[in-house]
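J.: quick one, what's the 3D model for this:
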Amino acid sequence: MTFDSPDVIKKFYADKSLTYPFLMDEDAKHVNAYGIRNESFTEGQPGYGVPHPGILYINKDGIVVLKLAEPGFKARPSFEELFVAVERISKGGEAH
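T.: Residues are numbered from 1 along each chain as shown. Just a heads-up that it's a prediction; the model follows:
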């Protein structure tokens, strides 16, 4: 999900030849609702509204049941971490 403008998204799509949908988070509404806004940027700065990088797992009822995030943009949760956490949740446990 990105809060970039439709023009930026279209250009990125074309440049990367993507075939999957992007979700646009107009005015960072979802970033704020999920509590993942990077507070390092203030209104008026180019990074204002940027979320902490990570992954949200939202169940069929629209409830966030897992939030994996790392400070900064270089470190990301590994696939193995994600797989284990989702597997635990699917068996009725907690992600840890």
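
J.: tell me the contacts of Pro77?
T.: Counting by C-beta atoms under 8 Å, 6 or more residues apart in numbering, Pro77 touches Gly54, Ile55, Leu68, Ala69, Glu70. Bear in mind the C-beta positions are built from the backbone N, C-alpha and C, glycine included.

J.: how does it look with 10 Å?
T.: Pro53, Gly54, Ile55, Leu66, Lys67, Leu68, Ala69, Glu70, Ala85 (C-beta atoms under 10 Å, 6 or more residues apart in numbering).

J.: tell me the secondary structure for the third one?
T.: Spelled out, that is Ile55. Following DSSP: H, G, I helix; E, B strand; the rest coil, we place Ile55 in the strand state.

J.: low-confidence stretches in the protein?
T.: Counting by pLDDT under 70, the chain contains low-confidence ranges at 70-73, 94-96.

J.: so where do the strands sit in it?
T.: 54-58, 64-69 (DSSP state E).

J.: quick one: which of the contacts of Pro77 is most hemmed in?
T.: Among those, the one with the most neighbours (other C-beta atoms under 10 Å) is Ala85, at 21 neighbours.

J.: related to what we said a few turns ago, redo the strands of the chain as CSV? Include distance to Ile9.
T.: Below are those laid out as CSV (distance: least, C-beta to C-beta, whole Å):
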stretch, distance to Ile9
strand 54-58, 19
strand 64-69, 22
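
J.: for Ala33, find the nearest of the ones you listed.
T.: Among the strands of the chain, strand 64-69 comes nearest to Ala33, with 9.3 Å by C-beta to C-beta.

J.: and the contacts of that closest one?
T.: Strand 64-69 has contacts (C-beta under 10 Å, 6+ apart) with 33-36, 38, 51-59, 75-78, 81-82, 85-86, 88-90, 94-96.

J.: from those residues, which land in helices?
T.: Mapping the contacts of strand 64-69 onto helices (DSSP state H) picks out Ala33, Glu81, Leu82, Ala85, Val86, Arg88, Ile89, Ser90.
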